[in-house]
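Undergrad: Show me how the following folds:
(2 chains)
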Amino acid sequence: MGGNRSTLPAAPAKPASPAREMLRHFLRHPAGMAGFLILLAVALASLAGPGLYGVDPADMAAAPFEPPGPEVPLGADYLGRDVLAGLLIGGRASLSVGLAAALISVLIGVAVGALAGWFGGWVDRVLMKVTEFFQVLPSLLFAMVLVTLFGASLGIITFAIGVVSWPGVARLTRAEYLRVRGLDYVRAAVAGGGRPHYLILRVVLPNALPPIIVAAALAIGVAILFEGGLSFLGLGDPNVISWGMMLGQNRTYLLDAWWAVTFPGAAIFFTVLAVSLLGEGLNDAINPRLRKRG
Amino acid sequence: MSGALLGMGGRVVNAVLLLLAVVIMNFCLIHLAPGDPAQVIAGEMGGASPEVLATIRAQYGLDQPFGTQLAHYVSRAATGDLGYSFYFNQPVSSLILERLPATVLLMAAALTFAAIVGTLLGVLAAYRPRGLGSLLVTIVSLAGHAAPVFWSGLLLLLLFASVLPLFPIAGMTDVTRPLSGIDYVLDVAHHLVLPAFTLGLVYLAQYSRQSRTSMIDVLGADYIRTARAKGLPERRVVLKHALRNALIPVVTLIGLQFAQLLAGAVLVETVFGWPGMGRLVLESILRRDHPTLLGVLVVSALLVMVANLLTDLAYRLVDPRIRGH
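TA: Predicted structure coming up:
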């Protein structure tokens, strides 16, 4: 690698660190910071919350349908389980599945999009056909089929969500690679005899990355919604409490205990909202042309 | 018109090939799933008995080589045979056909509501970018994306069941009094309001945002300035000249979102007990009725492709520039 790099023409002097510039803009973005802080609070609450609160979410803590009050701050569900305890522990499943599934979908999407955009020709045609195939299947339904056939465990749920939700990232990455591939510095690197994997990963990727980062942030939100939908339908891991599962189990008792449905859904809502706001902040920070609109 | 249709041939071939790929994938999933394929097809509830398993093995030719089995499976799917549901005791295709109209009705109602209201909101917001409408679009589009559709459905259900009993909250018809003719239609429409509104909210968010963006772009175009300079009334400039062009990206979005709309319908039908394909999905998941579930996947892909072809055709009819290709 080092040999390749030394043959390249010297890079022109960069303006003062673009990463720091982006960070500065992000820190000043009210919506983005609000999203970041909400997300941080949710993460801390689900990491430290269950230990601090100390109530077993599976235990009968009060009478069934006990409304919110001093005994159970957010009420009890149809089995007398403490809703707050469930919310705190349920965040772990939602967040970890959301993060891991988004990571899988971004990795697949970037790999497919980068190869298609860089090589073009038949590689592009084949990969885009595969992408199109995944796009005609309603992704949530496809995930349901995978989880039903292969079993509802956290691992399979994560994998299923990741596998069905990459096409958007792939198309975005492909478009970026097509754009960046024609830039002068890339042509110089190609002329310098760089190997394909070096060019794809080291030369083009950093320049294609900004919109992919924004898409990755949004993918986390979509994955959390998917996890919620699957658990709501009873396709969640039966051994792991999640927000969607609480909603699904309590929905038939909606009129007896509104709190057992409203709060877990609100947890999903605010977490996904925070992720979208974060994405918006990142987008504005990364894309200088939009900064003024913020 | 004929020119528009001519260009569609390639798209139709492409759609048929994609559908074939979905069927082949289904076949592979049955074989990849843990357990004996016959057991996977039978599911857990309906067909644990050895007789049923033997029937399935014979029917699907499971003792034959892989290639023969695949050819058999594909050729049966090509004739519309999507297998047999051992839980419902009915061919999957007739099971789905029974439920399909309810789902299509729900999706059409949700889409119409979202497209009309979303476009209006977007136009309003684009016209006064700093006004209340613009703020509303921002809030609706953020909230509509973040709210899980099953949660917003349940909240609406709670509201209309206890506080405001204006709309029925479950089912598609009033089972206590059988109606006919226009009364039946009105009854279904009355039941349709809440599910369609719930499902529509998600897409309302996206369409309002998209139409605001494209309307802002179009309003800045030269031909709009010309129209204003001609002294045309402002209403005519916005609604006739600008809106027509601003609608094109919205139509694209409708086509692109169709698959997700279908998945959303599954969740909404579950919440409101709407007797469509989504309910069928839930029941087949609960009963491990795999042929039905896989059949729904094929039919969904077919619906998505039909929707895409129709979007494409609509384009060709509207936009003369695309016709040549």
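Undergrad: Run a quick neighbour tally on the residue in chain A that chain B sits nearest to.
TA: Here chain A gets closest to chain B at one residue, A:Gly265, 3.1 Å apart by Cβ to the nearest Cβ. Using the backbone N, CA and C atoms, a C-beta is placed for each residue, glycine as well. Neighbour count of A:Gly265, defined by other Cβ atoms under 10 Å in any protein chain shown: 24.
Undergrad: In contact with it, which residues?
TA: A:Trp243, A:Leu247, B:Ala147, B:Pro148, B:Phe150, B:Trp151, B:Ser152, B:Leu154, B:Leu155 (Cβ atoms under 8 Å, 6 or more residues apart in numbering or on different chains).
Undergrad: Show me which of those residues is closest to B:Thr226.
TA: B:Ala147 (42.3 Å; Cβ to Cβ).
Undergrad: can you point me to the longest helix in chain B?
TA: helix B:181-219 (DSSP state H).
Undergrad: which strands and helices sit next to that one?
TA: helix B:92-127, helix B:132-146, helix B:149-158, helix B:243-272 (3 or more Cβ pairs under 8 Å, 6 or more residues apart in numbering or on different chains; DSSP states H and E).
Undergrad: Can the longest one be said to contact chain A?
TA: No: contact check for helix B:92-127 against chain A, using Cβ under 8 Å from any Cβ of the partner chain: none in range, with a minimum separation of 11.2 Å.
Undergrad: So for that helix, mean pLDDT?
TA: Taken as a whole, helix B:92-127 has an average pLDDT of 85.
Undergrad: Kindly report the same for the shortest one.
TA: If you average the pLDDT over helix B:149-158, you get 86.
Undergrad: Nearest to B:Ala196, out of the helices and strands packed on helix B:181-219?
TA: Closest among the helices and strands packed on helix B:181-219, once you apply Cβ to Cβ, is helix B:92-127, at 3.8 Å.
Undergrad: Check the stretch 201-325 of chain B for the residue nearest chain A and tell me.
TA: For the stretch 201-325 of chain B, Cβ to the nearest Cβ, closest residue to chain A: B:Ala263, 3.6 Å.
Undergrad: Might you enumerate the residues of the stretch 151-294 of chain A proximal to chain B?
TA: Residues of the stretch 151-294 of chain A lying near chain B (Cβ under 8 Å from any Cβ): A:151, A:221, A:225, A:228-229, A:232-235, A:244, A:247, A:251, A:254-255, A:258, A:261-262, A:265-266, A:268-270, A:272-273, A:276-277.
Undergrad: List the buried residues for stretch B:268-279?
TA: Within stretch B:268-279, the residues scored as buried using 16 or more other Cβ atoms under 10 Å in any protein chain shown are B:Val268, B:Glu269, B:Thr270, B:Val271, B:Phe272, B:Trp274, B:Pro275, B:Gly276, B:Met277, B:Gly278, B:Arg279.
Undergrad: correction: stretch A:188-200
TA: A:Ala189, A:Gly194, A:Leu199, A:Ile200.
Undergrad: which one's the longest helix in chain A?
TA: Per DSSP H, chain A has its longest helix at helix A:83-119.
Undergrad: Which positions in that one come out as buried?
TA: A:83-106, A:108-118.
Undergrad: Kindly report the same for stretch B:217-230.
TA: Buried-residue list, stretch B:217-230, by 16+ other Cβ under 10 Å: B:Val218, B:Leu219, B:Ile224, B:Ala227.
Undergrad: ok, now stretch B:134-149?
TA: B:134, B:137-138, B:140-149.
Undergrad: now what about it, what contacts it?
TA: A:221, A:225, A:228-229, A:232, A:244, A:247, A:265, A:268-270, A:272-273, A:276-277, B:121-122, B:125-126, B:128, B:198-199, B:201-206, B:208-209, B:212, B:264, B:267-268.
Undergrad: which SSE is the residue nearest the centre of chain A in?
TA: In chain A, the residue lying closest to the centroid (Cα atoms, centre = their mean) is A:Ile220, at 1.2 Å. Element membership for A:Ile220 (DSSP states H and E) is helix A:205-232.
Undergrad: Packing partners of the very next helix or strand once past that helix?
TA: Following helix A:205-232 in sequence order, the next helix or strand is helix A:243-250 (DSSP H and E). Counting contacts by 3+ Cβ pairs under 8 Å, 6+ apart, helix A:243-250 packs against helix A:83-119, helix A:205-232, helix A:259-286, helix B:149-158.
Undergrad: If we go by neighbour counts, what in the helix holding A:Ile220 is buried?
TA: For helix A:205-232, using 16+ other Cβ under 10 Å, the buried residues are A:205, A:208-212, A:214-232.
Undergrad: nearest spatial neighbour of the closest residue to chain A within the stretch 101-250 of chain B, skipping sequence neighbours?
TA: Relative to chain A, the nearest point of the stretch 101-250 of chain B is B:Trp151 (3.1 Å; Cβ to the nearest Cβ). Nearest-residue entry for B:Trp151: A:Gly265, 3.1 Å, with adjacent residues in sequence omitted and distances by Cβ to Cβ, 6 or more residues apart in numbering or on different chains.
Undergrad: ok, back up a step: show me which of the residues of the stretch 151-294 of chain A next to chain B are buried.
TA: A:221, A:225, A:228-229, A:232-235, A:244, A:247, A:251, A:254, A:258, A:261-262, A:265, A:268-270, A:272-273, A:276-277.
Undergrad: Can you give me the distance of B:Asp36 to B:Ala42?
TA: Distance, B:Asp36 to B:Ala42, by Cβ to Cβ, to the nearest Å: 9 Å.
Undergrad: ok, the spatially most central residue of chain B - contacts?
TA: Nearest residue to the geometric centre of chain B (Cα atoms, centre = their mean): B:Leu262, 3.0 Å. Applying Cβ under 8 Å, 6+ apart, we find B:Leu262 in contact with A:Pro138, A:Leu141, B:Thr103, B:Met107, B:Ser300, B:Leu303, B:Val304.
Undergrad: Report the contact partners of A:Gly244.
TA: A:Ser94, A:Glu227, A:Gly228, A:Gly229, A:Leu230, A:Ser231, A:Phe232, A:Gly236, A:Pro264, A:Ile268, B:Pro148.
Undergrad: Next: A:Val169.
TA: A:Ser105, A:Val106, A:Ile108, A:Gly109, A:Val110, A:Gly113, A:Ile212, A:Ala215, A:Ala216, A:Ala219.
Undergrad: what does the stretch 201-325 of chain B put close to chain A?
TA: So the stretch 201-325 of chain B meets chain A at B:259-260, B:262-264, B:266-267, B:270-271, B:281-282, B:285-286, B:288, B:290, B:293-294, B:296-297, B:300-301, B:304-305, B:308 (Cβ under 8 Å from any Cβ).
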